[in-house]
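> Quick one: sequence and predicted model below, then my questions.
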Amino acid sequence: MQTAYEKAEEELTRTIYEKMPDDELARTVEELRAEVAEVKARGLKLDMARGKPSPAQVDISRPMLDILTSSADLTDGGVDCSNYGCFDGIPSARRLAGEFLGVPPEQTIVLGSSSLNIMQSVLIHYWEKGVPGYTPWNKLDHVKFLCPSPGYDRHFGLTEDLGIENIPVRMTETGPDMDQVEYLCATDSSIKGMFCVPKYSNPTGITYSDETVRRLAVMKAAPDFRIVWDNAYVVHDLFDEGDKLLNIHDVAREVGNEDRILAVASTSKITFPGAGIAFFGSSPANVEEVAATLQVGLISANKLNQLMHVRFLPDMDAVRAHMRKHAEFLRPRFAAVERKLTEGLAGTGVARWTHPRGGYFVSFDGPKGSAKRVWKLCREMGVTLTTAGATWPYGNDPDDTNIRIAPTYPTVDELEQALDVLVLAVKLTAAELAQEERAA
Ligand SMILES: Cc1ncc(COP(=O)(O)O)c(C=O)c1O
């Protein structure tokens, strides 16, 4: 049976340009080139590459900065936040971390501002010392990680930096292609891990289906195989009714695989990017072991920042109310992407894109062999996009189709202008590709 991915792929196989007679195609290319020249002359300077909130959006967290004053109570559950101690995180912050990650508070560690930093520390730990009871990864001939793609380039950078081989696995509408993942993990014990952004994935915006979550938790894999369960967008719904994600820890625990899951999240896109608090959550054994290793290099994380965060966002109701304010900024931007792409490209057979209900990105695919050219053309017209290929390990998008759209930072007006440019670049590239194919 044809998969949804293959069906969508087939829809892209014949574009309106491929169906045009030669003279009409030549005329169309000339017209589009003239439009491009006009846009170039306008000297635009727009940026659709940055996956971060706009300055006005960040401002909604400013009231948090008024919470800790010189006369404030600096204790939390009996812990003095103004001094060393309480490595695992203050009690209220661990409670919140547990709710974010779906584990009891005792199975969490609350650390500094970056979840990426936690992922790196844990991977370096396994690289050097190994998962307890197993050979350190750096002593093995070959270590591989599965990288659902399109995916998050900074994940791929963590493993690439260590010399771990990144193996791309296709993303589908329900998560990574699980037939491929199961086959690879069952047949290759050098696969030691996998990156997952299970809710509003970066950049596709899809949320893993219950079946995908179950299969990841129960599948056969090397005993020291670990899933980096990066829930960066767990509360980042655009609408009141958000996507639902199955609790992977519960499923993994039932089958004795709870050590497999290394969950992380942070408040980077909730309060202040780069100045939030970050969470780690896993099995009791992993939490104890990871805490012991991190403690070698850290006496205590910034507990005053933790305190400020939990006074501002004491529970999930407060988090959800705050996220609804974020969504007010994000909804019109995501709507602009949908509107502009639909107006410009629907029915052309030239492109498909995702329709996220949360997160920070839209994933866009043009015809085969188009993404690098589209990126360059946009650049020449004054629009910066995330580098083509960045969503695949080693920057190597095998079909050269994928572009990550980051709509959150520009104003809606800037975004609309940038999307017009993208649409024009995609049309011209698709038309030129059709012409080149005929000439070949
Ligand atoms: C999937 C994902 N994980 C992690 C991060 C970075 O998070 P932090 O600021 O907590 O390091 C990002 C930021 O864009 C992201 O998209």
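Cool, the structure landed.

> rest of the way, CA atoms for contacts and neighbours
Will do.

> which helices and strands does the top strand by length along the chain pack with?
Secondary structure of the chain per DSSP state E: the longest strand is strand 165-172. With contacts taken as 3 or more CA pairs under 8 Å, 6 or more residues apart in numbering; DSSP states H and E, strand 165-172 sits against strand 144-149, helix 153-162.

> what's the closest non-adjacent residue to L184?
Sequence neighbours aside, I191 is the residue nearest to L184 in space, at 7.8 Å (criterion: CA to CA, 6 or more residues apart in numbering).

> Can you tell me what sits against the helix or strand harbouring E30?
For E30, the host element (DSSP states H and E) is helix 22-41. With CA atoms under 8 Å, 6 or more residues apart in numbering as the test, helix 22-41 has contacts from 17, 380-382, 421, 424-425, 427-428, 431-432, 435.

> Just give the number of residues close to V337.
Close neighbours of V337, defined as other CA atoms under 10 Å, add up to 23.

> how much space between it and R352?
Remark: distance between V337 and R352 (CA to CA, to the nearest Å) = 12 Å.

> now A390
From A390 to R352 the distance is 18 Å (CA to CA).

> same thing with P55?
30 Å.

> out of the two, which sits in the more crowded spot?
Between P55 and R352, counted using other CA under 10 Å, R352 has the larger neighbour count: 23 against 11.

> can you pull the contacts of the closest residue to the more buried one other than its chain neighbours?
Spatial nearest neighbour of R352, excluding adjacent residues (CA to CA, 6+ apart): D365 at 5.4 Å. By CA under 8 Å, 6+ apart, D365 lies in contact with 351-353, 371, 401-403.

> The helix or strand encompassing H249 packs against which elements?
Per DSSP H and E, H249 falls inside helix 248-254. Here helix 248-254 touches helix 210-218, strand 261-266, going by 3+ CA pairs under 8 Å, 6+ apart.

> Buried ones in it, by neighbour count?
248-249, 251-253 (16 or more other CA atoms under 10 Å).

> same question, stretch 390-401
Neighbour counts using 16+ other CA under 10 Å place 390-394, 397, 400-401 of stretch 390-401 among the buried residues.

> Residue numbers of the stretch 251-400 of the chain in contact with the ligand?
266, 268, 273-274, 278 (CA under 6 Å from any ligand atom).

> Next: the stretch 101-250 of the chain.
Residues of the stretch 101-250 of the chain lying near the ligand (CA under 6 Å from any ligand atom): 114-116, 152, 197, 202, 230, 232.

> Greatest separation within these: which pair is it?
S114 and N202 (16.6 Å; CA to CA).

> Find the least confident helix or strand in the protein, judged by mean pLDDT.
helix 4-11 (a mean of 56; mean pLDDT, DSSP states H and E).

> From L428, how far out is the residue nearest to R352?
Distance from D365 to L428, by CA to CA: 15 Å.

> again with P148
30 Å.

> okay, now the domains of this structure?
Domain ranges of the chain: 4-57+321-439, 74-314, per automatic domain parsing.

> Hmm, K199 is touching I206, no?
Yes. Using CA atoms under 8 Å, K199 makes contact with I206 at a distance of 6.5 Å.

> Okay, now the unreliable bits of the stretch 1-150 of the chain?
The stretch 1-150 of the chain contains residues with pLDDT under 70 at 1-13.
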